[in-house]
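> Whatever this is, show me its structure:
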Amino acid sequence: MPDRHFFSITTQAESLTIKKQSFILSIPIGGIGGEWMEQYLGLIVLVVLMGAWMLVRSHRDKKFKISPDEAKRLLDTTKGIILLDVRSEEEYRERHIPKSLLMPLNSLKAQAPKRLPDKNKEILVYCRSGNRSAAAVRILSKLGYVKVKNIGGIIHWPFATVSGK
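Below you'll find the predicted structure:
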């Protein structure tokens with residue numbers, strides 16, 4: 001019968017070991033053990049796994065990041081770049097980067113294939129603070145867009161902005 005466990009977790013007097021296929025994490029725990037270890041083992045494993053997940057996600061998101069200065073240079077020197085604003089229509093009318101295309105995050109998955117048919121086109125994405133644009137980059141990447149970068153938030157954009165439609 002195949003092993004249905006995701007992780008193998010063992011404890012010894014001096015360490016906690018978590019194994020999954022070729023991944024092995026051994027945590028020295030000194031003289032701690034016995035009853036305390038049994039009581040908090042689940043919490044320790046959860047904290048370690050969350051930390052690993054956050055590290056992987058942080059590294060992946062940095063791969064898609066571009067500074068406002070670099071984005072501005074690209075926009076000024078390269079033709080055909082799409083500048084995508086994923087905020088709400090109200091936020092867009094209030095203030096946006098010139099020549100940006102509005103496509104709110106909540107409709108991005110449905111609108112992108114129709115409005116952005118070329119998946120090899122360079123796309124720079126922004127929002128207010130950088131959270132929605134990071135989510136948008138992940139969505140676009142999953143949809144097959146290959147040249148997507150996250151500028152972050154308009155609150156960090158030091159260049160000209162406009163208001164209105």
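> Near Ile66, how many other residues are there?
The local packing of Ile66 (other Cβ atoms under 10 Å) involves 18 other residues. For glycine as for every other residue, the C-beta is placed from the backbone atoms N, C-alpha and C.
> quick one: it and Tyr126 touch, right?
No. The pair Ile66 / Tyr126 is not scored as a contact, 9.9 Å apart, by Cβ atoms under 8 Å.
> Mind listing the shared neighbours of these two?
Here Ile66 and Tyr126 have 150-151 as joint contacts, going by Cβ atoms under 8 Å, 6 or more residues apart in numbering.
> Which parts of the chain are strands?
Using DSSP state E, the strands of the chain run over residues 8-11, 15-20, 23-28, 82-85, 101-102, 123-127, 148-153.
> now that we're looking at Asp111, how far away is Asp69 from it?
Asp isn't right for residue 111; it's Gln. As defined by Cβ to Cβ, to the nearest Å, Gln111 lies at a distance of 29 Å from Asp69.
> Looking at those two, which has the bigger crowd around it?
Gln111 (13 against 10).
> how deep is the nearest residue to the more buried one once chain neighbours are set aside tucked in, by neighbour count?
Residue nearest to Gln111 in three dimensions, not counting chain neighbours: Met103, with 5.3 Å by Cβ to Cβ, 6 or more residues apart in numbering. Neighbour count of Met103, defined by other Cβ under 10 Å: 22.
> In contact with Met103, which residues?
84-86, 111-112, 115.
> Kindly indicate the member of these with the most neighbours.
Val86 (28 neighbours).
> Can you tell me how far it is from Leu143?
According to Cβ to Cβ, Val86 stands 14 Å off from Leu143.
> okay, Val48: pLDDT?
pLDDT, Val48: 75.
> From what I see, Leu140 and Ala112 are in contact.
Yes. The pair Leu140 / Ala112 is scored as a contact, 6.3 Å apart, by Cβ under 8 Å.
> can you give me the helices in the protein?
34-63, 68-77, 89-94, 105-115, 131-142 (DSSP state H).
> May I see those arranged in CSV, with distance to Thr161 as well?
Shown next, in CSV, are the helices of the chain (distance: least, Cβ to Cβ, whole Å):
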stretch, distance to Thr161
helix 34-63, 24
helix 68-77, 11
helix 89-94, 10
helix 105-115, 19
helix 131-142, 15
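> Walk me through the domains of this structure.
By the assignment in automatic domain parsing, the chain contains the domains 8-60, 64-156.
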